[in-house]
Structures are given as C-alpha cells and as structure tokens.
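A.B. asks: Need coordinates for the below:
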Amino acid sequence: MYGFLYLVVTMQAPDGWGAAFGSLSLIYAAGFLGVVAGYFWARWFVIGLGLSGFMTGAISLLQIGALEPSLVFYALTHLSITGLLWGDGMSKHFDGRKEWRQRFHLDESATNKLGKSVIRVGVSLPYVVLFALAPREGAELALIGGVSVVSGAWALSKMRSWALPAMAGGAIAMLAAALSGPMIAPLDADLAMNLDLLAIGAIGFTMLAIAPFVGPIVKFLKNDD
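C.D. replies: Numbers count the residues shown, from 1 in each chain. Prediction:
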C-alpha cells in the first residue's frame, strides 16, 4: 500500500523531491516483494520499515501537538505491519527456515545478530534516502553516504563481506554532510524541511545496524593476531 502511495506522492512531489519520494516507493516495494517471495531477510526488513513509519508518525504527532487523523492512521498501520510479522509463527516462513541457515553456515547466535542488523537497516533506510536526496545546496556528501548505505544494505541481504564497511562509510559521510552543510531543504517558496531528525535517524540506525557485528569482528581480529 505505501509503495503505491509514495509512487503517487512522487508524481505530485514539490520541485526536487521526486527522487526522494520515488526511492521511498522502491524501498516499500522491495519489502513487499521480499515478503511475497519468502526471502529470509524480508520479515526482518519489513518489521524495520514498520517501526520506522510508526516512529515517523508518532514524532510528527508530537511536533504538531494534535491528533491529526492521517498521521494517526500512518503510525498505527505501520505498527500493525510490525505486529503481524513479529514472532515465531511468522519466522518459520522466512528466517526460521533451515535451508538458508545451512547455506550461509549460520548458527542461532549469528542468525539473531543478522536479524537485529536487518531490522535496524529497515528502520534507517527511509531516513537515509530522504536525507540523502533532499534538495539543498552542498548535498554531494549526503548523496554519497546514502548510496553507500543502500549498497551496504543490499550487500547485507546477500551476505557479502563488504556490507558493513559500506554502511559504516556511508554513515560517516552523512555525518560529515550534517556537520558541514545546510540542514534546511525547501518544500515550496514559503516552507522548508528541517533535516536534523532525518540525520539522527539515518546515521543513528545505520550505526546500530552495524553494532551487532562489532564484537565478533574485534574477537576475530584479536584471534588472528
């Protein structure tokens, strides 16, 4: 539903915002297709998207200080998506299947770490693409960071070793963009979006997605020495 909704928004987006909302549409479409196809990462990823949408709706409600019906609907429908996919009953159709665990040689501990990471990637990506593609001056660093994080997220779903360095590098580039560039993106002649919260969500959840693997990497490097 939200993939189609953001596609409609893309067609009517303010000047310069088409790429950002179009990318949101693609993210939701990827989650939907992943669930339909039964990919092992899909349940985790869509749980993350649901949490991201719920937080966005809740923060927006707090900012306006009123129960705007459209925002309440947005927040609750995203929360319901997370709730419907949570638990062992749904896990057995996706990440609970033995064949992919055997394929990638993952035990229960490694599976749990991967799940936490993919959920946090799902939370972060909407913020990443909006922050990276918001129209403003000096957005090159943010764009580089966004491309790096999205590439790393794809690599994580394919269990590629370069996924974590790509996401870490992307987070660093976005942090540099947040510290050095303007944090205001125009919506129209009289209205602009403050990008501070987007930066916090994009950078923070990207780093949290990497966090489950920091300990094993450090341990591996110590043993290698």
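
A.B. asks: Hmm, residue 115 is touching residue 101, no?
C.D. replies: No - using Cβ atoms under 8 Å, residue 115 makes no contact with residue 101, being 11.5 Å away. In this view, the C-beta of every residue, glycine as well, is placed from N, C-alpha and C.

A.B. asks: which residues are common contacts for the two?
C.D. replies: Residues touching both residue 115 and residue 101 (Cβ atoms under 8 Å, 6 or more residues apart in numbering): there are none.

A.B. asks: Start from the N-terminal end of the chain and give the helices.
C.D. replies: 2-11, 18-37, 42-64, 69-85, 88-91, 98-104, 108-133, 140-157, 163-180, 196-210, 214-224 (DSSP state H).

A.B. asks: can you tell which of these is closest to residue 186?
C.D. replies: helix 18-37 (12.5 Å; Cβ to Cβ).

A.B. asks: For the closest one, what is the distance to the chain centroid?
C.D. replies: Relative to its chain's centre, helix 18-37 lies at 11 Å (Cα atoms, centre = their mean, to the nearest Å).

A.B. asks: Please apply the same query to stretch 174-185.
C.D. replies: Chain-centre distance of stretch 174-185: 19 Å, with Cα atoms, centre = their mean.

A.B. asks: for that stretch, which positions count as buried?
C.D. replies: Buried residues in stretch 174-185, defined by neighbour count with 16 or more other Cβ atoms under 10 Å: 174-175, 177-178, 181, 183, 185.

A.B. asks: Endpoints of it, how far apart?
C.D. replies: 15 Å (Cα to Cα, to the nearest Å).

A.B. asks: Let me know the pLDDT of the closest residue to residue 134 other than its chain neighbours.
C.D. replies: Of all residues not flanking residue 134 in the chain, residue 185 sits nearest, at 3.8 Å (Cβ to Cβ, 6 or more residues apart in numbering). Residue 185 is assigned a predicted lDDT (pLDDT) of 78.

A.B. asks: what residues does stretch 99-107 touch?
C.D. replies: By Cβ under 8 Å, 6+ apart, stretch 99-107 touches 40, 111, 114, 159.

A.B. asks: cool, stretch 61-71 as well?
C.D. replies: Contacts for stretch 61-71 (Cβ under 8 Å, 6+ apart): 57, 60, 72, 75.

A.B. asks: Quickly note the distance from the last one to residue 138.
C.D. replies: It stands for residue 75. Per Cβ to Cβ, to the nearest Å, residue 75 is found 32 Å from residue 138.

A.B. asks: okay, those two: which has more neighbours?
C.D. replies: Shown here are residue 75 and residue 138; by other Cβ atoms under 10 Å, residue 75 has more neighbours (19 against 10).

A.B. asks: Name the nearest residue to that one, sequence neighbours excluded.
C.D. replies: residue 57 (2.8 Å).

A.B. asks: what's the answer for residue 208, then?
C.D. replies: residue 120 (4.6 Å).
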